[in-house]
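Asks: Dropping a prediction and its sequence here:
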Amino acid sequence: MLTSETRRVSVLTPPRVLAIGFALIILTGAALLSLPLAAADGRPLPFLDALFTATSATCVTGLVVVDTGTRFSTFGQLVILALIQIGGLGFMAVATIIMVLLGRRITLRERLLIREAFNQVSLAGMVALVKAVILLTLAIELSGAFLLSLDFVPRFGWGRGLYYSLFHAVSAFNNAGFDLMGGFRSLTAFVANPLVSLTIAGLLIIGGLGFSVLIEVLHLRSFRCLSLHAKLVLITTALLLLTGLVAVLTLEWGNPRTLGPLPFGVRLLASFFQAATPRTAGFNTLEIGSLRPATLLVLIVLMFIGASPGSTGGGVKTTTVGTLVATVWATVRGQEEIGFFQRRIPVESVLRALAIVVLSLCFLLAVTLALTIVEPFPFLSLLFEATSAFGTVGLSTGITPYLSKAGRVLLIVLMYTGRLGPLTLTVAMAHRGKAVAVKHPEEKIIVG
């Protein structure tokens with residue numbers, strides 16, 4: 001007979017704990033951001049706007065309905081920064097390091113939660129992984145802040161320059177996209193600045209690779225010695241960056257509102273930055289609302305794919321798309337095995353990848369349909385906004401501050417779903433029955 005404690009443990013599965021944990025952090029952040037102390041002028045933010053901002057920060061998205069640099073006080077901005085850091089690392093990583101500092105033993109259940117949060121396969125070395133992630137995060141963010149300070153300190157002065165450097169380094173590495181430049185301008189003033197552009201782009205690319213891949217690359221010197229997962233992440237990331245660079249450069253070359261007036265070198269820099277930022281980081285050096293429809297469509301595809309598993313970014317993930325591409329390629333060639341680099345991908349991974357993409361498309365299209373009903377904006381702008389929210393990207397054509405209350409609620413749901421992952425959220429909400437060890441007769445159906 002099950003005790004109440006056993007029942008409670010069985011109900012609170014790792015996906016459900018993660019879903020509840022993120023929700024509680026968002027609500028706490030919303031409560032803090034709605035305080036008069038968080039507002040620059042002392043006028044408290046409406047709770048829905050505070051909830052939207054807290055969700056965007058915790059889900060490391062970057063979509064904003066109020067300007068971060070001018071609407072929030074230093075306290076409010078620090079709350080946002082804390083939410084970004086917790087959201088990027090995952091609350092289980094933060095909780096684990098606090099328990100380690102307090103000398104508390106990490107239980108098996110907590111190790112299961114860490115494994116779920118970081119998309120790991122094995123339970124071995126979970127605490128060591130968290131420690132490595134924290135140290136790696138601090139090292140990368142401080143290095144990025146130092147590089148940004150070389151420009152920001154002379155530009156803004158010591159106090160403001162160092163504060164801006166740290167804020168934007170944390171925001172970039174965690175793929176959040178929040179900025180303090182004011183006027184909803186993001187980094188458009190730095191379109192010709194290689195130091196700021198390349199530092200921000202480098203931080204968001206590194207943050208989007210995934211902690212396990214970063215640790216593996218740091219410990220191994222040869223590409224051949226990397227795991228299949230790391231190889232697939234690195235190759236897919238490089239291909240997506242190259243594809244985005246060529247697409248933006250080609251499609252926007254003659255656009256007088258974006259690349260048209262810029263010198264050749266600046267065009268390359270701006271195209272590279274705009275190819276990197278749809279990997280779930282909402283910074284931009286070009287006006288997104290001025291991009292051509294074809295470019296917006298390319299960015300939508302890049303935002304939907306997103307970053308890699310176990311990273312600070314969102315989307316369906318690079319390895320998910322890589323697995324499906326390998327499946328299609330094997331099917332076209334009539335091969336029974338699916339894989340890369342003389343390694344076979346398990347059928348379970350293929351089915352999981354397919355489930356993630358199908359569920360993601362269903363969530364995204366359902367919310368986009370709802371947005372077209374409640375909002376007066378063009379379809380492409382709404383699809384772009386919805387994909388940006390789901391992929392936890394933060395890019396916008398400029399319509400976010402003008403969305404209705406219903407539209408903002410829909411995006412809050414999308415950001416939350418995108419950060420947790422549609423499969424994790426579905427598993428968390430679903431009632432999973434006992435597995436039945438029965439195999440039914442097989443019968444073929446006609447497909448295609």
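Replies: That came through fine.
Asks: Stretch 247-264: how far from the chain's middle?
Replies: 27 Å (CA atoms, centre = their mean, to the nearest Å).
Asks: In the stretch 101-250 of the chain, what residue spans correspond to helices?
Replies: Counting by DSSP state H, counting those that start in this stretch, the stretch 101-250 of the chain has helices at residues 108-117, 126-156, 158-173, 194-207, 211-219, 228-251.
Asks: Could you dump these into a markdown table with distance to Thr327 and mean neighbour count added?
Replies: Quick note: C-beta positions are derived from backbone N, CA and C, even for glycine. A markdown table is the format used below for these (distance: least, CB to CB, whole Å; neighbours: other CB atoms under 10 Å):
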| stretch | distance to Thr327 | mean neighbour count |
| --- | --- | --- |
| helix 108-117 | 25 | 18 |
| helix 126-156 | 29 | 17 |
| helix 158-173 | 32 | 21 |
| helix 194-207 | 26 | 22 |
| helix 211-219 | 22 | 18 |
| helix 228-251 | 13 | 18 |
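Asks: so which of these comes closest to Val374?
Replies: Closest approach to Val374 among these (CB to CB): helix 158-173, 29.7 Å.
Asks: Just the CA atoms of that closest one, as PDB, please.
Replies: Extracted in PDB, the C-alpha atoms of helix 158-173 (Å, rounded to 0.1, in the frame of the first residue of the first chain):
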ATOM      1  CA  TRP A 158      33.700  53.900 -14.900                       C
ATOM      2  CA  GLY A 159      30.600  53.200 -12.800                       C
ATOM      3  CA  ARG A 160      28.100  53.000 -15.500                       C
ATOM      4  CA  GLY A 161      30.500  51.400 -18.000                       C
ATOM      5  CA  LEU A 162      31.400  48.500 -15.700                       C
ATOM      6  CA  TYR A 163      27.700  48.000 -14.700                       C
ATOM      7  CA  TYR A 164      26.700  48.000 -18.400                       C
ATOM      8  CA  SER A 165      29.600  45.600 -19.300                       C
ATOM      9  CA  LEU A 166      28.500  43.000 -16.600                       C
ATOM     10  CA  PHE A 167      24.800  43.300 -17.400                       C
ATOM     11  CA  HIS A 168      25.200  42.800 -21.100                       C
ATOM     12  CA  ALA A 169      27.800  40.000 -20.700                       C
ATOM     13  CA  VAL A 170      25.400  38.000 -18.500                       C
ATOM     14  CA  SER A 171      22.500  38.800 -20.800                       C
ATOM     15  CA  ALA A 172      24.500  37.600 -23.800                       C
ATOM     16  CA  PHE A 173      26.000  34.400 -22.400                       C
END
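Asks: so it versus helix 126-156, what angle?
Replies: With axes from the mean of the first three to the mean of the last three CA atoms, to 10 degrees as the basis, helix 158-173 and helix 126-156 are set at 140 degrees to each other.
Asks: what packs against helix 158-173?
Replies: Applying 3 or more CB pairs under 8 Å, 6 or more residues apart in numbering; DSSP states H and E, we find helix 158-173 packed against helix 74-89, helix 126-156, helix 194-207.
Asks: Specify the stretch among those helices that is closest to Ile288.
Replies: Among the helices and strands packed on helix 158-173, the nearest to Ile288 by CB to CB is helix 194-207 (15.7 Å).
Asks: How far away from the center of its chain is that closest one?
Replies: The answer for helix 194-207 is 15 Å, by CA atoms, centre = their mean.
Asks: List the contacts of Val374.
Replies: Contact analysis of Val374 by CB atoms under 8 Å, 6 or more residues apart in numbering lists 404, 406-407, 410.
Asks: cool, and Leu245?
Replies: 271-272, 275.
Asks: Just give me the closest of the residues you listed to Thr387.
Replies: Closest to Thr387, out of all of those and judged by CB to CB, is Ala275, at 16.0 Å.
Asks: so that closest one sits in a strand?
Replies: No: counting by DSSP: H, G, I helix; E, B strand; the rest coil, Ala275 falls outside a strand, being helix.
Asks: that older thread, now tabulate the helices of the stretch 101-250 of the chain in JSON lines and tack on distance to Arg292 and mean pLDDT.
Replies: Shown next, in JSON lines, are these (distance: least, CB to CB, whole Å; pLDDT from 0 to 100):
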{"stretch": "helix 108-117", "distance to Arg292": "39", "mean pLDDT": "58"}
{"stretch": "helix 126-156", "distance to Arg292": "30", "mean pLDDT": "88"}
{"stretch": "helix 158-173", "distance to Arg292": "26", "mean pLDDT": "95"}
{"stretch": "helix 194-207", "distance to Arg292": "21", "mean pLDDT": "94"}
{"stretch": "helix 211-219", "distance to Arg292": "34", "mean pLDDT": "81"}
{"stretch": "helix 228-251", "distance to Arg292": "6", "mean pLDDT": "91"}
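Asks: picking that back up, between the helices and strands packed on helix 158-173, which one is nearest to Phe184?
Replies: helix 74-89 (15.3 Å).
Asks: that older thread, which one of the contacts of Val374 is nearest Val393?
Replies: Leu410 (16.0 Å).
Asks: for the closest one, helix, strand, or coil?
Replies: For Leu410, the assignment made with three-state DSSP gives helix.
Asks: isn't it right up against Ala370?
Replies: Yes: using CB atoms under 8 Å, Leu410 is in contact with Ala370, at 5.6 Å.
Asks: More neighbours: which of these two?
Replies: Using other CB atoms under 10 Å as the criterion, Leu410 and Ala370 rank with Leu410 on top: 24 against 17.
Asks: Could you report the pLDDT at the one residue sitting closest to the centre of the chain?
Replies: Central residue of the chain (CA atoms, centre = their mean): Gly313, 2.5 Å from the mean position. In this model, Gly313 is scored at 75, pLDDT.
Asks: and it, what element?
Replies: Using DSSP states H and E, Gly313 sits within no helix or strand.
Asks: Provide a list of residues in contact with it.
Replies: Taking CB under 8 Å, 6+ apart as the contact definition, Gly313 lies against 60, 175, 204, 207-208, 279-281, 306-307, 391-392.
Asks: Go through these and flag which are in strands.
Replies: Among the contacts of Gly313, none falls in strands (DSSP state E).
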